[in-house]
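**Q** Here you go, sequence then predicted model.
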Amino acid sequence: MAESKAAANSANSFLKSIFFGQIREDLIFPYPMPKAETKETVSMITDALDKFAKDKVKSAEWDEKGAMPKEIIQSLAELGVLGMAVPEALGGLGLPQTGYARIMQQLAGIDGALAVTLGAHQSIGYKAVLLFGNEEQRKRFLPRLATGELFAAYCLTEPSSGSDAASIQTTAELAPDGKSYIITGNKLWITNAGIASFFTVFAKTNVIENGEKKEKVSCFAVELPSEGVSVGPAEHKLGIRSSWTNAVHFDKVRVPIENVIGGVGYGFKVAMGVLNHGRLGLAAGCVGGSKNCIKASILHANERVQFKKKIGEFGMIKEKIARMIANTYASESMTYMTTALIDRGDVDYSMESAASKIFASETLWDCADENLQIWAGNGYMKEYPYERWLRDARINRIFEGTNEILRAFISLSGMQGPGQELKDIMKAIEQPLKGLGLVSGYAVRRVKLSMGAESMTKSHPALKKYAGQLEDYTTQLASQVDVLLRRHGKEIHLKQFAQKRVADVAIDLFAMFCVISRVTSSLESKGVEKCQMELAIAETFCMRASRRIRSNFKSIDNNEDETMKWIADKAYEITEYPFDIFKD
């Protein structure tokens, strides 16, 4: 029986597979655990970071001044954390993505701005060289980046280009001698620009394809100082105030042709590859921040007395604490499941990375908000760190692809395979003899979906109820995607209400799968009696996620989308909120 090419390609990604109604248990069971040597290295570094934090990190002072001392970078270099993912042969620690993420989690728990600074250096700043650089580029740059001799920034965003990386206006023209490119343009909101000595820069270049001249993005390594590069004044920000954020201007900056990373015209691929990695460092940082909020909330709930009771005894406070813990457990489970997929090196993790970033950043925002609420008036005062935690948390829903853009990415990437399959099936129907195997294979798969879901065989029996829900929801997702594709066809890319619902279902499903996998591993290694809290977390999270999933499925056909779009369109015409009780 022939399998469509689209369905076969989806098998390389767990999330893409569920859009076909398939559950790739082999990709998520057993829950991946770090190797002993990775644990040992990470433990040594996190201990050193905790001591470093006590001695040198002055978060409140840095936030008030809007700057941290530049010497802090050298201190981090001495700890060896500027080249965590750089191979040992090139002067780094050679940590897998899982180990790197755990250290970023620790750093974010110490100080959000410090984590952003370090993450911008290596999660994205020099990641292009690490992932796509040739051997000469890796040897030339990575040893100096690992020691702090060079400090990196990632120059993608522009005044007219944010998440739409393909619309950048910065240009790189090949010089007459053919030995260098000349870069001209402006970059905006570049983290680390104020202290960087190495830029990863994206610019449009002219390429010839099939005899036709086209503009395509290319990636360049720019080492400073370099004539024509100027950095604007520090930006004043809501949060992460002590990190360096500046505009960068390129005025006919000459860059050697050997500094093109990944090949001329392949910059978009490089940018997306870098961001897919970078989102996991960000997600891990959000986990660290969420854990801080939970600890602070529990501390206050156990001490603050109102109405002759500790406030932690009240149901509404218990609900907040339990929800924060359950969602953080899910965030952590998703993040380290995905870092393990990266470390495997043989699967597509792009959708999982986006889902982890969305869920973890929104969990942190909720935790920071609820922690401040639990601390009440004290939480609002600058005497305590909690208002700063809230301000620092907000950027994570914008960084490295806004959560709205990433939801569209998850939905459209997931539907791309089924959409291509439907297109192929329609062509095959027109040529029934040639396409017989493809059509019959598709028909069999649709019949299987109509009869019931694939079975999960690797989850623990104590989690049978939630495994069954995942089986049903996976089938429903594939069926609803099929309905949406038939209904909207090529116009699906314009239907963002539908995209959001599909993405939110996929994110919740991935979270549930990761939680079930992790709790299964705990149950199998420790036994049911020692895992009562994890079982309760799994029950709480899965029940809440199930309600969201059912609501999103129901809303695909029963919704107020057109009315909401009409209200927005009218508001655009009026340009303001149009009502006033004293004027109506």
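**A** Done, it's in. Computed from a predicted structure; not experimentally measured. Numbering: from 1, shown residues only.

**Q** ok, now how distant is the closest residue in space to residue 152 that isn't next to it in sequence from residue 139?
**A** In this structure, residue 152 finds its nearest non-sequential neighbour in residue 125, 2.8 Å apart by Cβ to Cβ, 6 or more residues apart in numbering. No exception for glycine: its C-beta is placed from N, CA and C like everyone else's. When Cβ to Cβ, to the nearest Å is applied, the distance between residue 125 and residue 139 equals 18 Å.

**Q** and what of residue 159?
**A** 35 Å.

**Q** Pick out whichever of residue 125 and residue 139 has more residues nearby.
**A** Using other Cβ atoms under 10 Å as the criterion, residue 125 and residue 139 rank with residue 125 on top: 30 against 12.

**Q** Contacts only, for the more buried one.
**A** Neighbouring residues of residue 125 by Cβ atoms under 8 Å, 6 or more residues apart in numbering: 145, 151, 152, 153, 154, 192, 196, 198, 200.

**Q** Just list whatever residues bridge to the third one.
**A** Residues in a beta bridge with residue 152, per DSSP bridges, are residue 198.

**Q** and it, what is it in contact with?
**A** 120, 121, 122, 125, 126, 145, 192, 196, 198, 199, 200.

**Q** same check, this time on the last one
**A** With contacts defined as Cβ under 8 Å, 6+ apart, residue 200 is in contact with 124-129, 152-155, 219-222, 261, 274.

**Q** 10 Å - rerun?
**A** 124-129, 152-156, 219-222, 261, 267, 270-271, 274 (Cβ atoms under 10 Å, 6 or more residues apart in numbering).

**Q** Select from those every entry located in strands.
**A** 152, 153, 154, 155, 219, 220, 221, 222, 261 (DSSP state E).

**Q** so where do the helices sit in the stretch 301-450 of the chain?
**A** 315-344, 350-380, 386-393, 403-430, 436-451 (DSSP state H, counting those that start in this stretch).

**Q** among these, which is nearest residue 25?
**A** The closest of the helices of the stretch 301-450 of the chain to residue 25 is helix 315-344. By Cβ to Cβ, the value is 12.7 Å.

**Q** what stretches of this structure score poorly on pLDDT?
**A** 1-11, 163, 422, 424-453 (pLDDT under 70).

**Q** which SS class is the nearest residue to residue 329 once chain neighbours are set aside?
**A** Using Cβ to Cβ, 6+ apart and skipping the chain neighbours, the partner closest in space to residue 329 is residue 537 (5.1 Å). Three-state call for residue 537 (DSSP: H, G, I helix; E, B strand; the rest coil): helix.

**Q** Touching, residue 537 and residue 328? I think so.
**A** Yes. Using Cβ atoms under 10 Å, residue 537 makes contact with residue 328 at a distance of 9.5 Å.

**Q** out of the helices of the stretch 301-450 of the chain, which comes closest to residue 211?
**A** helix 403-430 (27.9 Å).

**Q** Quick check: buried residues in the closest one?
**A** By 16 or more other Cβ atoms under 10 Å, the buried positions in helix 403-430 come out as 403-404, 406-411, 413-422, 424-425, 428.
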